[in-house]
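**Student:** Got a sequence here, can you build the structure:
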Amino acid sequence: MRQVVDLVIVLACVAGMASCQLGLAANDDQTGTQGADQAAQSDTGLVIENDSELPPTFPQGRYEVRFRAHGGIAALHWKLEKGALPPGMKLEDDGLLHGQAERTGEFRFTVSVTDGRPQQAVQKEFVLRVTSALTLLWKAPARVNGNRIEGSVEVSNTTPNDMDLTYIVLAVAENGRATAIGYQHFMLSHGTIAKELPFGETLPPGGYVVHVDTVGEVAARKLIYRERLQTPAPLRVIVGP
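**Tutor:** From the prediction side, this is the model:
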C-alpha cells in the first residue's frame with residue numbers, strides 16, 4: 001500500500017512538471033509573438049520626408065531640391081513615376097531635382113523611392129509652381145477722366161536678382177498713332193512686391209487702346225523678362241484738351 005501511494009505522488013509530480021513546462025512554453029510563444037508584432041510595428045518602411053508642395057521657382061531661375069526619405073537601407077533610388085517635371089528640370093537617381101524651368105505653370109508629378117526591396121518602394125505626389133519672374137498687374141485699370149486717360153499698375157520682381165526695368169505706357173489711337181502716357185526706367189530690386197507705377201496724360205478726342213509694357217533685364221546673367229497688359233476695348237475720350 002505504501003508503494004502505491006508513493007507511485008501516485010511521483011506521477012502527480014511528473015504531471016505537474018509537464019503542466020508547468022507546457023505553461024512556460026505557451027508563455028514563451030506568446031512573448032515571442034508580441035516581440036515580433038512590436039518589431040513589425042517599429043519597422044514602418046520608407047517614408048518620403050519632403051512636403052507635397054515644393055518651393056516655387058521662376059523661368060530660367062537656378063533650382064535645386066533634394067528629396068529625402070527615412071526608414072530604408074542605404075543607397076535609395078528615386079524615379080519619376082507619372083506626371084511631368086517643368087521643362088528644363090531633371091530628377092537624378094540620388095533624389096536631386098535640379099535645372100532651370102523654361103516656362104511658367106503648375107506642375108504635378110509623382111515620385112517613387114526604393115531601397116532595392118520591392119516591398120519597400122513608396123510613392124508621393126508633388127506640386128511645383130513656376131511663377132513669372134516679373135509680374136505686371138492692374139492696380140487702377142486704365143480709365144477716362146475728362147480729357148485724360150489714367151491709371152496705374154503693380155510690378156513685382158520675385159527673383160533673387162535686381163532688374164534694370166523699363167516701363168512704358170502707350171495710348172494707341174484708331175489711326176495707329178501712339179502717344180506715350182507713362183514712362184519710367186529704374187532698377188527694380190529683387191524681392192520687390194506690388195510696386196505701384198502710375199500713368200496718365202491729356203489726349204485729343206477719340207478712341208484709344210492702352211498698352212502697358214515692362215522689360216526687365218539682368219545683364220550679369222543675360223536674362224530678359226517681358227510682361228504686357230492691354231485694355232480689352234478702346235477707351236473713348238469725348239472732351240477735347
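**Student:** Give me the contacts around the helix or strand where T135 lies.
**Tutor:** If you go by DSSP states H and E, T135 is part of strand 134-145. By CB atoms under 8 Å, 6 or more residues apart in numbering, the surrounding residues in contact with strand 134-145 are 149-159, 163, 165, 188, 194, 196, 199-200, 210, 212, 214, 216, 225-229, 231, 235-238. C-betas here are computed from N, CA, C, even on glycine.
**Student:** Now for G61, how many residues are close by?
**Tutor:** Using other CB atoms under 10 Å, G61 has 19 other residues around it.
**Student:** That one and H98: what is the separation?
**Tutor:** 11 Å (CB to CB, to the nearest Å).
**Student:** thinking again about what came up before, could you give me the PyMOL syntax to select whichever of the contacts of strand 134-145 are buried?
**Tutor:** PyMOL command restricting the contacts of strand 134-145 to the buried ones, with burial defined by 16 or more other CB atoms under 10 Å:
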select buried, resi 149+150+151+152+153+155+156+157+158+159+163+165+188+199+200+210+212+214+216+225+227+229+231+235+237
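**Student:** Please narrow the contacts of strand 134-145 to those residing in strands.
**Tutor:** 149-157, 163, 165, 188, 196, 199-200, 210, 212, 214, 216, 225-229, 235-237 (DSSP state E).
**Student:** Helices of this structure, start to end?
**Tutor:** If you assign secondary structure with DSSP state H, the helices in the chain sit at 2-42.
**Student:** domains of it?
**Tutor:** 1-43, 47-130, 134-237 (automatic domain parsing).
**Student:** how about the ones you listed in a markdown table, adding mean pLDDT?
**Tutor:** Shown next, in a markdown table, are the domains of the chain (pLDDT from 0 to 100):
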| stretch | mean pLDDT |
| --- | --- |
| domain 1-43 | 40 |
| domain 47-130 | 92 |
| domain 134-237 | 96 |
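**Student:** Next, count neighbours for the residue lying closest to G207 once chain neighbours are set aside.
**Tutor:** Once flanking residues are discounted, G207 sits nearest to P234: 3.5 Å by CB to CB, 6 or more residues apart in numbering. Residues contacting P234 under the criterion other CB under 10 Å number 15.
**Student:** wait, isn't P234 in contact with E174?
**Tutor:** Yes. If you go by CB atoms under 8 Å, P234 and E174 touch, sitting 6.9 Å apart.
**Student:** which residues do these two both contact?
**Tutor:** Common neighbours of P234 and E174 (CB under 8 Å, 6+ apart) are 207-208.
**Student:** Tell me how many other residues crowd M187.
**Tutor:** The burial count assigned to M187 is 12, neighbours taken as other CB under 10 Å.
**Student:** Apologies, that question was intended for Q123.
**Tutor:** Neighbours around Q123, by other CB under 10 Å: 14.
**Student:** Tell me the bridge partners for it.
**Tutor:** S112 (DSSP bridges).
**Student:** Please list all residues in contact with it.
**Tutor:** When contacts are counted by CB under 8 Å, 6+ apart, Q123 touches 81, 110-112.
**Student:** and if we set it to 10 Å?
**Tutor:** Residues near Q123 by CB atoms under 10 Å, 6 or more residues apart in numbering: 46, 48, 79, 81-82, 110-114.
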